[in-house]
Each structure stands twice: as structure tokens, then as C-alpha cells.
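Undergrad: Fold the following, please.
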Amino acid sequence: MNRKQSGFTLVEIAIVLVIIGLLLGGILKGQELINSARVRNLADTASGVQAAYFGFLDRYRRVPGDWDAASATTAIGTTVNFPVLDATINNNGRIDNPAGKEWVEPNAMWEQLAKAGFIQGSYTGTATEPNQQNGLAPLNAFNAPMVVGRTADYQSTTTAAVRLHLVTGRFIPAKVMRELDVKIDDALPQTGSLRAVANAPTVFAGVNNWGGHDATAAPAGCVTPAAAGPPVVPASWNVTADSQDCNAVILF
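TA: Numbering: from 1, shown residues only. As a prediction, the model looks like this:
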């Protein structure tokens with residue numbers, strides 16, 4: 001007897017391919033929505049930190065984190081633990097990051113802003129470098145600690161000047177960083193208010209590698225260097241390689 005062979009018809013195969021296409025499209029669209037939400041979170045966090053900093057400055061006429069704990073406690077009306085008065089860096093009207101004391105005033109800033117009600121969270125303040133577990137600093141949307149300081153550890157088309165800035169924190173994909181740069185600035189990592197961190201930071205060079213790249217990866221993976229031309233091509237976020245460990249600063 002002849003046996004009838006059966007298989008998928010062209011219609012059935014087409015239906016399966018359509019379903020697969022819809023699933024892949026949904027996954028990609030979902031990832032796009034997640035990244036967009038993270039970009040909004042990073043932008044909102046940055047603007048919130050700047051608003052809190054200037055709000056504190058306006059209310060108390062003192063720089064948060066630079067103010068010694070005893071004086072801040074009296075003015076704020078709740079116990080502030082940090083920083084213990086250090087005449088070499090405190091009460092001079094700016095955040096300082098000298099060698100050996102890089103984290104003192106940045107960590108104190110988070111504690112004072114929180115206890116004054118300008119940001120949410122509970123930060124105790126110590127001289128220890130912040131990380132994902134010790135609760136000394138807020139975490140970004142990718143679970144990396146952020147820090148505020150006055151350094152020149154960022155990229156520039158000229159020699160970078162010492163500026164007050166927020167370090168956005170590590171583990172941000174290059175594509176997300178570029179989208180953030182487009183949203184709040186000029187899309188270029190070496191100009192404007194949002195800059196890529198220096199490949200070899202000299203101030204925030206702790207164990208968390210604030211340069212913003214995995215120690216085993218190429219530092220330039222986040223940024224494509226400028227080309228002298230002609231035509232001259234400025235440095236750009238390297239969305240082709242799309243490193244998953246980029247970092248940036250947002251200048252105040």
C-alpha cells in the first residue's frame with residue numbers, strides 16, 4: 001500500500017514565521033522601552049541631584065557635604081554624622097577630593113541632602129569608597145553607585161578643567177549613554193554638559209574603577225576617537241561595539 005507522506009504546508013510555515021516575527025518584534029520593542037525608561041531615569045536622577053544641591057545651597061547658604069557635621073546638625077535639626085570637622089577641606093565653600101580623602105565630602109553630601117529632605121534615602125557618610133552594597137551613595141538605573149566631585153576626570157576636546165560634576169556611575173551601555181546625551185545635551189562625549197569619563201581617572205580611581213570600563217576591556221570601547229580628517233570627525237559614543245560598561249559625568 002502506498003503511504004501518504006505528510007508535512008507542513010506553505011501556509012502553515014508562513015503562519016509560524018509570522019508568529020516568530022511578532023515574538024522577536026515584541027522582544028526588541030520591549031528592550032527599546034526598557035532602555036528608554038532607563039534613559040529617563042538617568043536624566044531625571046541627574047536633574048534631581050542638581051536641583052537638590054542648589055536647593056540646599058539656597059536654603060542653608062552652605063555647600064552640602066562641605067559643611068561640618070556639628071554645624072549641619074544644628075541647622076538641619078537632626079543628627080548629621082559626617083563629616084567630622086577637618087579644617088583642610090571642610091567649610092571652604094566647595095566640595096574637595098584631595099588624595100586620601102576623595103570620598104569624604106561626596107559621601108557627606110548624600111547624607112546631608114537626605115537628612116535635609118532634598119533626596120530620598122538613608123546615607124550615613126564615611127570616608128569609604130561607595131559601592132553597590134555599602135549604602136553610602138545612590139545607585140543609578142544599572143545598580144552602580146554615583147558620586148559628586150570636583151575633578152578633571154572627564155574627556156574634552158581641550159585640556160579638561162576642574163569642574164563640579166555628577167558621575168553617572170558604571171555599567172551603562174554605550175547605546176543608552178548616547179541616547180541620554182541626545183536627550184539632555186549634544187550627543188557628543190567630549191563636549192557639552194555630559195562628557196565621557198577619562199579613560200584613566202586620577203581622582204576617583206578607586207577599586208570600583210570609576211573610569212567606567214571593565215579592567216579586561218579596552219578603555220576606548222565606549223568612545224570612538226575623533227578623526228583629524230579631512231573632514232574632521234568629532235569623537236562619538238561607540239554604539240557599534242556597544243560596551244555595556246560606560247560611565248560619564250554631568251557638569252554642574
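
Undergrad: low pLDDT regions in the protein?
TA: Residues of the chain that meet the criterion pLDDT under 70 lie in 1-8, 12, 22-33, 208-220.

Undergrad: so where do the helices sit in it?
TA: For the chain, the helices defined by DSSP state H occupy 10-60, 69-76, 104-115, 174-184.

Undergrad: if you compare those, which one is most tucked away?
TA: helix 104-115 (a mean of 26; mean count of other C-beta atoms under 10 Å). No exception for glycine: its C-beta is placed from N, CA and C like everyone else's.

Undergrad: got a list of contacts for it?
TA: The contact list for helix 104-115 (C-beta atoms under 8 Å, 6 or more residues apart in numbering) reads 52-53, 56, 64-67, 69, 72, 76, 78-83, 86, 89-90, 95-97, 119-128, 130, 136-138, 147-149.

Undergrad: Apply the buried test to the residues you listed and list what passes.
TA: Neighbour counting by 16 or more other C-beta atoms under 10 Å classes 52-53, 56, 64-67, 69, 72, 76, 80-83, 89-90, 95-97, 119, 123, 125-127, 130, 136-138, 147-149 among the contacts of helix 104-115 as buried.

Undergrad: got the contact list for residue 225?
TA: residue 235.

Undergrad: so who does the nearest residue to residue 178 once chain neighbours are set aside touch?
TA: Distance criterion C-beta to C-beta, 6 or more residues apart in numbering; nearest residue to residue 178, sequence neighbours excluded, is residue 237 at 3.7 Å. Residues near residue 237 by C-beta under 8 Å, 6+ apart: 174, 175, 177, 178, 181, 187, 189, 196, 222, 223, 224, 246.

Undergrad: do that again at 10 Å, thanks
TA: Going by C-beta atoms under 10 Å, 6 or more residues apart in numbering, residue 237 touches 173-182, 187-189, 196, 222-224, 243, 246, 248.

Undergrad: Please tell me how far it sits from residue 188.
TA: 8 Å (C-beta to C-beta, to the nearest Å).

Undergrad: what's the overlap in contacts for these two?
TA: 178, 181, 182, 196, 223.

Undergrad: Now the two most distant members of these.
TA: 182 and 223 (15.1 Å; C-beta to C-beta).

Undergrad: Could you check the helices of the chain and tell me which one is nearest residue 143?
TA: helix 10-60 (11.1 Å).

Undergrad: Same list (the shared contacts of residue 237 and residue 188) but as a markdown table, adding distance to residue 252.
TA: Below are the shared contacts of residue 237 and residue 188 laid out as a markdown table (distance: C-beta to C-beta, whole Å):
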| residue | distance to residue 252 |
| --- | --- |
| 178 | 22 |
| 181 | 17 |
| 182 | 20 |
| 196 | 17 |
| 223 | 22 |
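
Undergrad: From those residues, pick the one nearest residue 169.
TA: For those, the closest approach to residue 169 (C-beta to C-beta) belongs to residue 196, at 13.2 Å.

Undergrad: ok, and the closest non-adjacent residue to that closest one?
TA: In space, residue 196 is closest to residue 189, 3.8 Å off (C-beta to C-beta, 6+ apart).

Undergrad: That neighbour: neighbour count?
TA: Using other C-beta atoms under 10 Å, residue 189 has 29 neighbouring residues.

Undergrad: Then the one 3 residues further on?
TA: Residue 192 has 14 neighbours, counted by other C-beta under 10 Å.

Undergrad: right, and it touches residue 251 too?
TA: Yes: at 8.3 Å, residue 192 and residue 251 qualify as touching, with contact defined as C-beta atoms under 10 Å.
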